[in-house]
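1. Kindly return the folded structure for what I paste below:
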Amino acid sequence: MDRPIRVLVAKPGLDGHDRGAKVVAAALRDAGMEVIYTGLHQTPEMIATAAVQEDVDVVGLSILSGAHMTLFPRVQELLREQGRDDVLITGGGIIPKEDMDALHAMGVGKLFGPGTPTSDLVDYIKRWFAEQQEHQRA
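-> All right, here's what the predicted structure looks like:
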């Protein structure tokens, strides 16, 4: 890697449980990534704005509220409107498999459920970033 991977970890909506997001942020940081954690109760607009301002490579959303079919696409739409369709949108929470599949079909990256080892997320982001770097060199 030429530079550290920059990741924004966000908790959109009214869900007030952020322990998982903090664990993920710490694991990504321990893996050598630069992590920005936005805190609780973020709107999609706040998340997209922070992602653009911080020039991140990845946005990770932690959603436990059941609003994933609204929040992931909205953040994706806002990033695209700002010319940042190159950002990987990933995340996790309580998301049924059929919703994960539907979000993936919309262009959202891999999503992770409760109990997933943080190493799976770290490996996924590192692989994605390496592929992006390879495409830029080609």
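2. Output the below-cut-off pLDDT ranges for this protein.
-> 1 (pLDDT under 70).
3. tell me which element the residue nearest to the spatial centre of it falls in.
-> Closest residue to the average C-alpha location of the chain: G60 at 1.7 Å, with C-alpha atoms, centre = their mean. Per DSSP states H and E: G60 is located in strand 58-63.
4. That strand pairs with which strands, and in what direction?
-> strand 6-10 (parallel), strand 88-93 (parallel) (DSSP bridges).
5. contact partners of the next helix or strand after that strand?
-> Downstream of strand 58-63, the first helix or strand assigned by DSSP H and E is helix 68-81. Here helix 68-81 makes contact (C-beta atoms under 8 Å, 6 or more residues apart in numbering) with 12-13, 44-45, 47-48, 51-52, 59, 61, 63, 85, 87, 89, 91, 93, 95, 99, 102-103, 106-108. From N, CA and C alone the C-beta is placed, and that goes for glycine too.
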